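1. This is a predicted model, with the sequence first.
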Amino acid sequence: MRTAIFQAKYENLDAIREYVAQAAKDAGFDEAGIYSVQLAADEACSNIIEYAYNAVDDGEIECTCSQDGKNLVIIFRDHGCCFDPASVPEPILTGELNERHIGGLGIYLIRHLMDEVHYESLGEAGNVLTLKKHLMG
């Protein structure tokens with residue numbers, strides 16, 4: 001298990017992506033699996049920065065990566081406002097692009113890139129988002 005704490009700033013997304021990529025590589029994922037994990041982490045942390053911390057620069061994101069059998073487990077903890085991703089409806093993906101709402105695909109991507117997504121509100125203590133990706137093979 002490895003844990004790192006990042007300032008909740010958009011400019012730290014590269015470091016977070018690299019951190020989870022190394023965990024995925026160490027777990028034996030191929031390039032496609034590593035990319036999926038990176039993209040899901042990027043979307044999750046972007047949402048934490050934007051919604052949990054309202055893009056204010058004083059928050060932190062704790063990222064813990066571990067293996068559970070043939071699963072890579074990534075846990076993001078923050079101390080921001082509560083936000084339940086399960087409350088977000090599936091986006092409408094049909095129709096003309098210029099008629100669709102801009103944005104709103106982050107949670108959809110996370111749900112489809114990862115095999116399991118769990119959210120827990122800790123009330124005033126923040127939020128815990130757990131992502132799991134199964135290692136094929």
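-> That came through fine. Numbers count the residues shown, from 1 in each chain.
2. Quick check: I16 vs L72, distance?
-> Per CB to CB, to the nearest Å, I16 is found 15 Å from L72. No exception for glycine: its C-beta is placed from N, CA and C like everyone else's.
3. How about the secondary structure of the residue positioned nearest the centre of the chain?
-> Against the mean C-alpha coordinate of the chain, by CA atoms, centre = their mean, the closest residue is A44 at 2.8 Å. Per DSSP: H, G, I helix; E, B strand; the rest coil, the secondary structure class of A44 is helix.
4. Touching, it and I110? I think so.
-> Yes. Contact criterion CB atoms under 8 Å: A44 and I110 qualify, at 5.8 Å.
5. A32: how many residues sit nearby?
-> Counted by other CB atoms under 10 Å, the residues lying close to A32 total 9.
6. and it, what element?
-> helix 31-47 (DSSP states H and E).
7. Work out the gap between that helix and the centre of the chain.
-> With CA atoms, centre = their mean, to the nearest Å as the basis, helix 31-47 stands 6 Å off its chain's centre.
8. hmm, back to that, can you pull the residues that touch both of A44 and I110?
-> Here A44 and I110 have L131 as joint contacts, going by CB atoms under 8 Å, 6 or more residues apart in numbering.
9. Report all helices and strands that the lowest-mean-pLDDT helix or strand in the chain contacts.
-> Sorting the helices and strands of the chain by mean pLDDT, DSSP states H and E puts helix 106-113 at the bottom, at a mean of 89. Using 3 or more CB pairs under 8 Å, 6 or more residues apart in numbering; DSSP states H and E, the elements in contact with helix 106-113 are helix 31-47.
10. between the helix it packs on and helix 106-113, how big is the angle?
-> Angle, helix 31-47 to helix 106-113, by axes from the mean of the first three to the mean of the last three CA atoms, to 10 degrees: 150 degrees.
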